[in-house]
Structures are given as structure tokens and as C-alpha cells.
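Peer 1: Here is the input, now give the coordinates:
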Amino acid sequence: MPRAATLDSDQRNSLIASQLGWTMDAFDYFIVVLVYADIAQEFGTSLTTMAFLTTATLVMRPVGALIFGLWADRVGRRIPLMVDVTFYSVIGFLCAFAPNFTVLLVLRLLYGIGMGGEWGLGAALAMEKVPANRRGLFSGILQGGYAAGYLLASLAYLGVHSWLGLSWRWLFALSIVPALISLIIRSRVQESEAWVSTREQLKVTRTRLRDVVLNGKVIRRFVYLILLMTAFNWFSHGTQDVYPTFLKATDHGGAGLSAGTASLVVIGYNVGAIIGGMLFGWLSERFGRRYTIVFCAVLALPVLPLFAVDHGVGLLLLGSFLMQVFVQARGASSRCISTRCPRTRSGASTPASPTSWATCSQR
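Peer 2: The predicted model follows:
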């Protein structure tokens, strides 16, 4: 691994706060994935119906991305990010008290709005502060927060459900924890200097944000990034969201593992995801973003038989571990987006807009 780049206290706190926010966002999202069967049993619904909970969350992510992204473009990153983190933390906590499936579905819809804002705002705040020549490594570290959140959710499930035998509602009660992140942001992270300087440049050159965003070159980049992030999210969510259900299912080709064993497999492949995010984020600095991403996508193909077909718990663990190592090539995507930001008329670099960051990344 490379020698660590030097960050000042504000850059370090920004990266940590953004990663923790993304970690706890993923923690809350994957709690639902891990307790599909438990919720279905209590509310008398099928597993097919339960899938609408994650669908509802993902459908609302672009809405939240647009709302919080536009707000952050106007007033800066810090305040919208604090409001966003607090919002999704409270909504996640309220899921613990849902009396029926309908109420839980509505809450997960609202949660999707908060989840949609987190990545764009947090990534923009962090990438605008860290050294430009080390964004590959740091974007991989930042992306690893998502896998870390999934891992923490798995550990929480293992402890609360398998060891303590408590209800799934106790897991959602832990969702209030991310509210503490807003305090870190408020007390230790300053506003993005890139955002402040760009606002001043826009005033001096009399360039409106609308002129930048509606520029033909910017629109083409925006469409490219939407397509890229659509493929990435298909790659990641397609290999993550229902995999714990497959591991525990006893019919339709499921692996039939116990809840405890399935949790250990989930923990294992999330360790692989964290390693892959940092490794390929760093490699993207040496070999380029596109080559790194294509390389990982191609290597994931021969892993599919190990990942998707039950050949025993050992091979399932190996297959899922390798799959998530390659999935986290999207760790290079943060750097990819940040280097395709619009420019003002004066030619000065403009920070990647949270509107673009957020909306692209939710596809």
C-alpha cells in the first residue's frame, strides 16, 4: 500500500465525518436486508412483498439527491449535510415502532430521501478538501465506508438477533447513532473552500450556476456519469441486497445456511469490499480510473459461479469475498466524478456540484 498522504486537521475531519456518515447510512439501509424474513413473519407478508422496502428506498434516493444537492449548491455543504444526517437517523429510528407493513413502507420511502442526499454531499465535501493527486486512494477509503456500514449491520444482527435473541426492532433503534455525526461536522469541519471560492468567481465573472449546468459539455458529462453510476449501482446492489436472503433460504436454490453462519459470510465479503475499495482506489491513481474499473468488471465475471451457486459455505464465502473486492472498483468513481466537474468562463476549476454528485450516484 502507498505511503499515507498528509492531511491537515480539517481535511482529515472532513474525510472521517463523510465516511462515518456514509457508513451509518449503509448500516441503516442493510438492516432491512438482514431482517427481511423476520419482518415478513411478524407482519404476515411474503418475501416478495418485503423487497418493496428496499425498492422504495432506492426509488426515493434520486429525489433526496436532487433536493439536498440543489440546497448545497446554494448554501454550502455543511448545513444541508447535518440536516440530512439527522433526518435519516430519526426516520430510521422511527422504523423500530412501525405497527404494520404500510407504515414501515412509508418510513423507508422517507428514509430514501435522506439516503439520497448523504453520498453526494459527503463525497463533495471530502473530495473538495483532500489533495487532488490522492483522490483515488481517499475515494476508495470513502467508498469503503459503505461496506463498513454493511459489516456493522451484520455484526449488530449477529449480536442482537442470534446471540441475544431480540426482535428486529432493536436493530432499528440503533439508527439514532448517526445523529452524532452531525455534531462532528458542526464542531470540527469547516465549509468547503472550493465552494466558497467558486461562489466568489461566479459573482466576479457574472456567471450564473444555470449557465454552467446547462452548458452542452457539462450535460454530456452528466449523462455519461449517470450511465456509469447506473451500471455501478446495478453491480453493487445486485450482488448485495438479496444475498443474505439467498444464503438463508431453504427453497428455490437457496444455500440453507443458519442465520449465524449467513451473518459470518456477510461479514467476510464486506471485509473484502473494504479491501477492494482501498486497493483499487489507490491503483486508479497509477493506472487510471477507466482501466481499473473495466479490469475489475471483467474479473468479476468468472467469479459468478462461485458467488451465485451453492457449492458449500466455504466456496460461497470465497465467491462473495472476491465479488465484493471487484465490486468496490466503484471506489474509483468518486475520483472519476470529481475530475469531470464543470468550469467557469474564466477557466477556473469549479467543484463537483453536489447536485451532479448526488443525482448521478443514485441511478
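Peer 1: so where is the stretch 201-350 of the chain shaky, pLDDT-wise?
Peer 2: 202-213, 330-350 (pLDDT under 70).
Peer 1: Can you give me the end-to-end span of stretch 242-253?
Peer 2: Stretch 242-253 has an end-to-end distance of 13 Å (C-alpha to C-alpha, to the nearest Å).
Peer 1: From the chain's centroid, how far away is that stretch?
Peer 2: Here stretch 242-253 is found 24 Å from its chain centre; the criterion is C-alpha atoms, centre = their mean, to the nearest Å.
Peer 1: And for stretch 102-112?
Peer 2: Stretch 102-112 sits 19 Å away from the centroid of its parent chain (C-alpha atoms, centre = their mean).
Peer 1: And that stretch, what's buried?
Peer 2: Neighbour-count burial for stretch 102-112 flags 104-105, 107-112 (criterion: 16 or more other C-beta atoms under 10 Å). Yep, even glycine has a C-beta here, placed from its N, CA and C like the rest.
Peer 1: Pipe those residues into JSON lines and attach distance to Ile91 per row.
Peer 2: JSON lines is the format used below for the buried residues of stretch 102-112 (distance: C-beta to C-beta, whole Å):
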{"residue": "Leu104", "distance to Ile91": "11"}
{"residue": "Leu105", "distance to Ile91": "12"}
{"residue": "Leu107", "distance to Ile91": "6"}
{"residue": "Arg108", "distance to Ile91": "8"}
{"residue": "Leu109", "distance to Ile91": "9"}
{"residue": "Leu110", "distance to Ile91": "5"}
{"residue": "Tyr111", "distance to Ile91": "5"}
{"residue": "Gly112", "distance to Ile91": "9"}
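Peer 1: Thr239 and Cys296: what is the separation?
Peer 2: 12 Å (C-beta to C-beta, to the nearest Å).
Peer 1: who touches both of the two?
Peer 2: Val327 (C-beta atoms under 8 Å, 6 or more residues apart in numbering).
Peer 1: Which residues in the helix or strand hosting Val325 does the neighbour count mark as buried?
Peer 2: Using DSSP states H and E, Val325 sits in helix 313-327. By neighbour count on 16+ other C-beta under 10 Å, the buried set for helix 313-327 is 313, 316-327.
Peer 1: now those in CSV, with distance to Ala126?
Peer 2: Listed next are the buried residues of helix 313-327 as CSV, based on distance: C-beta to C-beta, whole Å:
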residue, distance to Ala126
Val313, 37
Leu316, 34
Leu317, 32
Leu318, 32
Gly319, 32
Ser320, 28
Phe321, 27
Leu322, 28
Met323, 26
Gln324, 22
Val325, 23
Phe326, 24
Val327, 21
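Peer 1: nearest to Tyr224, of the residues you listed?
Peer 2: Among the buried residues of helix 313-327, Val327 lies closest to Tyr224 (C-beta to C-beta), at 20.5 Å.
Peer 1: Isn't Phe172 up against Val90?
Peer 2: No: using C-beta atoms under 8 Å as the test, Phe172 is too far from Val90 to be in contact (11.4 Å).
Peer 1: quick one: the helices in the stretch 101-250 of the chain?
Peer 2: Here the stretch 101-250 of the chain has its helices, by DSSP state H, counting those that start in this stretch, at 101-127, 135-157, 169-173, 179-188, 193-205, 209-213, 216-240, 243-248.
Peer 1: Can you lay out these as a markdown table showing distance to Leu264?
Peer 2: Below are those laid out as a markdown table (distance: least, C-beta to C-beta, whole Å):
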| stretch | distance to Leu264 |
| --- | --- |
| helix 101-127 | 26 |
| helix 135-157 | 8 |
| helix 169-173 | 17 |
| helix 179-188 | 28 |
| helix 193-205 | 42 |
| helix 209-213 | 47 |
| helix 216-240 | 16 |
| helix 243-248 | 10 |
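Peer 1: Relative to Ile79, which of the ones you listed is closest?
Peer 2: It's helix 179-188; of the helices of the stretch 101-250 of the chain, that one is closest to Ile79 (C-beta to C-beta) at 9.0 Å.
Peer 1: And for that closest one, what's in contact with it?
Peer 2: Contact partners of helix 179-188, identified using C-beta under 8 Å, 6+ apart, comprise 9-10, 13, 16-17, 20-21, 24, 78, 81-83, 85-86, 89-90.
Peer 1: Which pair in those has the greatest spatial separation?
Peer 2: Put simply, by C-beta to C-beta the two of those set farthest apart are Ser9 and Val90, 29.5 Å from each other.
Peer 1: The two - which one has more neighbours?
Peer 2: Neighbours were counted for Ser9 and for Val90 using other C-beta atoms under 10 Å; Val90 has more, 16 against 10.
Peer 1: Next, the contact list for Val196, please.
Peer 2: For Val196, the contact set (C-beta under 8 Å, 6+ apart) comprises Gly76.
Peer 1: That one and Val75, how far apart?
Peer 2: Counting by C-beta to C-beta, the gap from Val196 to Val75 is 11 Å.
Peer 1: got the contact list for the residue lying closest to Phe101 once chain neighbours are set aside?
Peer 2: In space, and not counting its chain neighbours, Phe101 is closest to Phe43: 4.4 Å by C-beta to C-beta, 6 or more residues apart in numbering. Phe43 is in contact with 100-101, 104, counting by C-beta under 8 Å, 6+ apart.
Peer 1: Can you tell me which of the residues you listed is closest to Tyr269?
Peer 2: Leu104 (26.7 Å).
Peer 1: Which of the helices or strands spans Leu81?
Peer 2: helix 78-94.
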